[in-house]
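Student: Take this sequence and fold it.
(one chain, ligands or ions: 1)
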Amino acid sequence: MAQRPGFPIKLDKTSPAKRSATLSAQSSASKPAAAPVTKPLPSAKPAATAPVSPQGLGMDSSAVRQRMVQKLAAQGLKDPMVLQAMGTVERHRFVESALVTQAYEDTSLPIGLGQTISKPNVVARMIELLREGADGKLGRVLEIGTGCGYQAAVLSHIATEVYSIERLKGLHEKARANLRHFRLANVHLLFGDGMLGYAKGAPYAAIISAAGGENVPQPWLDQLAVGGRLVAPTVTASGQQALMVVDKTPQGFKQSVLEAVHFVPLKSGIS
Ligand code: SAH
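Tutor: Alright, predicted model coming up:
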């Protein structure tokens with residue numbers, strides 16, 4: 001199938017020093033329409049990274065996903081929109097072929113460059129927290145740590161726009177290759193340091209981090225909309241990581257620390 005024009009593109013025409021992230025649209029996003037093409041289109045080769053053989057699962061992947069969703073529900077996850085999204089996104093398309101048979105297990109899996117895709121339970125739990133109290137889809141969501149792109153794909157079903165930023169070029173490219181198949185018009189992949197957030201998309205109804213920091217970076221708090229919620233693994237006083245939930249209210253920030261988690265570290269800079 002033909003590639004869309006203008007892909008990948010750079011949104012930003014300011015100097016590199018001022019630029020915190022470059023954006024490559026997954027599809028015909030509205031904003032970048034007039035931006036110049038800065039690189040040749042990537043070839044649509046059956047990427048070395050691509051697993052994509054549902055046969056590797058030995059059965060219809062949709063049935064396996066429904067079983068995964070039933071397990072998530074049995075574990076206490078109950079937001080219908082999140083469960084529906086988890087049942088829709090083909091997780092096996094995001095992992096290496098050798099791991100395809102484990103794609104619907106409740107386990108984290110390596111995605112290259114020392115990083116991991118979070119286990120389905122954690123992805124669903126964090127997104128459920130983001131949506132708590134929300135009616136219908138969320139507005140713009142910022143994800144820090146695109147990784148293989150799986151969580152961004154899940155988020156695309158519960159938010160109107162998803163901005164997802166990754167600091168490792170190799171994974172940014174891998175996510176772009178993985179997501180191409182899904183043609184998600186509302187997912188915008190950014191290459192940059194997510195500790196700076198992405199001011200151009202702000203304010204965000206929700207911010208979710210897939211990497212654990214020592215604290216919550218100030219730009220995330222600044223870029224969160226009033227009424228918005230942030231969920232991020234953060235190191236607590238005990239030295240362990242826990243899920244941190246921050247609500248930005250008209251009266252100020254409200255913070256709660258939830259269960260212990262284990263995420264790859266949030267790092268500054270790009271590589
Ligand atoms: N959501 C991902 C999980 C990836 S693991 C998925 O579904 O696959 C977390 C990712 O966060 C890693 O890819 C890591 O490189 C990235 N990361 C860590 N610090 C970052 C930063 N400052 N900005 C952007 N990405 C970061």
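Student: Up against the ligand, what does the protein have?
Tutor: Residues of the chain lying near the ligand by CB under 6 Å from any ligand atom: 111, 115-118, 144-145, 147-148, 150-151, 165-168, 171, 193-195, 210-211, 264, 266-268. (C-beta placed from N, C-alpha, C; glycine too.)
Student: Just the buried residues from those, in PyMOL please.
Tutor: Per 16 or more other CB atoms under 10 Å, the buried members of those correspond to this PyMOL selection:
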select buried, resi 111+115+116+117+118+144+145+147+148+150+151+165+166+167+168+171+193+194+195+210+211+264+266
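Student: List the buried residues for the helix ranked longest in the chain?
Tutor: Ranked by residue count, the top helix of the chain under DSSP state H comes out as helix 61-74. Neighbour counts over helix 61-74 (16+ other CB under 10 Å) mark 61, 64, 65, 68, 69, 72 as buried.
Student: Then stretch 117-135?
Tutor: Applying 16+ other CB under 10 Å to stretch 117-135 flags 117-118, 120-131, 134 as buried.
Student: Show me what it is in contact with.
Tutor: With CB atoms under 8 Å, 6 or more residues apart in numbering as the test, stretch 117-135 has contacts from 68, 72, 75, 77-79, 81-83, 85-86, 91, 94-95, 104, 106-109, 111, 138, 141, 147-148, 150-151, 154-155, 158, 205-206, 208, 210, 229, 231, 243, 245, 258, 261, 263.
Student: list the buried ones in the very next helix or strand once past the longest helix of the chain?
Tutor: Proceeding N to C from helix 61-74, the next assigned helix or strand is helix 80-88, under DSSP states H and E. For helix 80-88, the neighbour count (16+ other CB under 10 Å) marks 81, 82, 83, 85, 86, 87 as buried.
Student: if we can go back for a sec, among the buried residues of stretch 117-135, show me the least confident.
Tutor: pLDDT across the buried residues of stretch 117-135 is lowest for residue 134, at 89.
Student: Turn the buried residues of helix 61-74 into a markdown table, columns for pLDDT.
Tutor: Compiled in a markdown table, the buried residues of helix 61-74 are given as follows (pLDDT from 0 to 100):
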| residue | pLDDT |
| --- | --- |
| 61 | 91 |
| 64 | 95 |
| 65 | 96 |
| 68 | 98 |
| 69 | 98 |
| 72 | 98 |
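Student: ok, which stretches of this structure are strands?
Tutor: Taking DSSP state E, the strands of the chain run over residues 21-25, 109-112, 115-117, 138-144, 159-166, 187-192, 204-209, 224-235, 241-249, 252-260.
Student: Which of those strands comes out lowest on mean pLDDT?
Tutor: Sorting the strands of the chain by mean pLDDT places strand 21-25 lowest, at a mean of 59.
Student: Name all residues that make contact with residue 265.
Tutor: 211, 212, 213.
Student: Run through the bridge partners of it.
Tutor: In this entry, residue 265 is beta-bridged to residue 212, by DSSP bridges.
Student: In terms of pLDDT, where does it sit?
Tutor: On pLDDT, residue 265 comes in at 97.
Student: I'd like the distance between it and residue 251.
Tutor: Relative to residue 251, residue 265 is positioned 32 Å away (CB to CB, to the nearest Å).
Student: hang on, residue 216 packs against residue 243?
Tutor: No: contact between residue 216 and residue 243 fails when scored by CB atoms under 8 Å: they sit 11.6 Å apart.
Student: which one of those two has more residues nearby?
Tutor: Legend: neighbour count by other CB atoms under 10 Å for residue 216 and residue 243, higher for residue 243 (22 against 19).
Student: The more buried one contacts residue 233, doesn't it?
Tutor: Yes: counting by CB under 8 Å, residue 243 touches residue 233, with 5.9 Å between them.
Student: Look up the residues that both of the two are in contact with.
Tutor: Listed contacts common to residue 243 and residue 233 are residue 261; contacts here mean CB under 8 Å, 6+ apart.
Student: Is residue 261 in contact with residue 242, as I believe?
Tutor: Yes: between residue 261 and residue 242 there is a contact under CB under 8 Å: 6.4 Å.
Student: returning to that earlier point: which one of the contacts of residue 265 is nearest residue 221?
Tutor: Of all the contacts of residue 265, residue 213 has the smallest distance to residue 221: 12.5 Å, by CB to CB.
Student: which ones are touching that closest one?
Tutor: Contacts of residue 213 by CB under 8 Å, 6+ apart are 195, 232, 233, 234, 235, 265, 266.
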